[in-house]
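Trainee: starting from these lines, generate the structure:
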Amino acid sequence: MFTLITSDDIFRSNVGAALYHTGSLLEGTEYFRTHSHGFELRPFSVAPGFRLDHKRLDVGRIKIDFARIDCGKVFEVIQVCDPGYYSCRIPITGSCEYRLHNAKWTLGPGQILAGNPFDSIPKRFVAPYTQAILSIEVGALNEVLAAELGHPIVDPLRFEPIPSAGPAARLLSTMVEFNWMTFDTGTAATHWRVARQLERALLVGLLRAAPHNYSVEMELQSREIAPHYVRRAEAYIRANMARDLKMEDIVEESGVSSRTLFYGFRRWRQTTPMAYLKAARLDCARMALAGASVAGGSVTDVALGVGYQYLSRFSSDYRARFGERPSDTLLSVTRQ
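Mentor: Just a heads-up that it's a prediction; the model follows:
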């Protein structure tokens, strides 16, 4: 959710490309098709007063599009070809619904949704709708991901098709606002060195905020190589998180004293062994909940599957980490 600027601020500002505005449905749909990287706008009904406003801001290899659309009660956006970009939608006003297999998701202010270039998921919007859309070159995102992981990307990066909320998502939204306001202050922010750093910050923010197939590995990375006993303990935790693990079990597996192990995790992972265990369980649970929404399953199944014995504790820990309840991840997703 944007908190520093409003949609009116965006479309009144001189930042970015010149404002495009039309009240013509024919012109608006054609403009949308030309400028939206392979998507088409299809209104279900058109009320008097159709409106499309659009502005674009370039931050390095990221395009940030701000769009405001009002064309009646409901409209749909269809992907007609592979856009060749990763994307991230940040709603400012209105709501969006989309279907995946037998599940329906709702996306609104306070959430973000990352998209893959190879996925085609029709989305239905409730007007008036305003959003910021980040379009990111595949090579740019892979380059930053590889740098963060410390090795080349083998499997394609794939974001999970679930809305994300919580501190990381709020931070990404604030970073988009910051970029807008930074470019509004003058030409200094357009220097290529500054733009490069802003680009990187946005991409790392997206990789932290939206779940994907490298999320767990990203959380485990450190700029320094941890001692063998820390890495041995990490591998043991990941392989046995579904068990009722105790600190004594982890210490025994590591082969060092509890004091040494505790110091190692503090020094190289900025956490404790048991906090690491909790984070690993919750990250695994979030990915499992996304799968459960399609394949069938419950919050209880997922909680037990990652080693939680008490559902209330799982719900509390999950909400503290991700800013929403497990059931919000599973069934903000409502089944048809």
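Trainee: quick one: the helices in the stretch 1-150 of the chain?
Mentor: Here the stretch 1-150 of the chain has its helices, by DSSP state H, counting those that start in this stretch, at 7-12, 25-35, 138-149.
Trainee: got JSON lines for these, with distance to Ser120, mean neighbour count and mean pLDDT too?
Mentor: No exception for glycine: its C-beta is placed from N, CA and C like everyone else's. Converted to JSON lines, the helices of the stretch 1-150 of the chain look like this (distance: least, Cβ to Cβ, whole Å; neighbours: other Cβ atoms under 10 Å; pLDDT from 0 to 100):
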{"stretch": "helix 7-12", "distance to Ser120": "28", "mean neighbour count": "16", "mean pLDDT": "70"}
{"stretch": "helix 25-35", "distance to Ser120": "15", "mean neighbour count": "15", "mean pLDDT": "86"}
{"stretch": "helix 138-149", "distance to Ser120": "16", "mean neighbour count": "16", "mean pLDDT": "86"}
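Trainee: can you list those helices in TSV and add distance to Glu97?
Mentor: Converted to TSV, these look like this (distance: least, Cβ to Cβ, whole Å):
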stretch	distance to Glu97
helix 7-12	20
helix 25-35	19
helix 138-149	26
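Trainee: these two touch, right, Ser254 and Glu234?
Mentor: No: using Cβ atoms under 8 Å as the test, Ser254 is too far from Glu234 to be in contact (9.5 Å).
Trainee: quick one: which of those two has more around it?
Mentor: Comparing Ser254 with Glu234 by other Cβ atoms under 10 Å, the one with more neighbours is Ser254, at 23 against 20.
Trainee: so how far is Leu171 from that one?
Mentor: Remark: distance between Ser254 and Leu171 (Cβ to Cβ, to the nearest Å) = 33 Å.
Trainee: and if you look at Leu304?
Mentor: Look at Leu304 and Leu171: by Cβ to Cβ, they are 31 Å apart.
Trainee: okay, and the beta partners of the nearest residue to Leu19 once chain neighbours are set aside?
Mentor: For Leu19, ignoring the flanking residues on the chain, the nearest one in space by Cβ to Cβ, 6 or more residues apart in numbering is Lys55 at 5.4 Å. For Lys55, the beta-bridge partners under DSSP bridges are Phe66.
Trainee: burial count for Lys104?
Mentor: For Lys104, using other Cβ under 10 Å, the count is 17.
Trainee: when you give positions from now on, start the count at 2
Mentor: Yep, numbering from 2; the last one is Lys105 now.
Trainee: quick revisit: what's the closest of the helices of the stretch 2-151 of the chain to Gly95?
Mentor: Of all the helices of the stretch 2-151 of the chain, helix 8-13 sits nearest to Gly95, with 10.0 Å by Cβ to Cβ.
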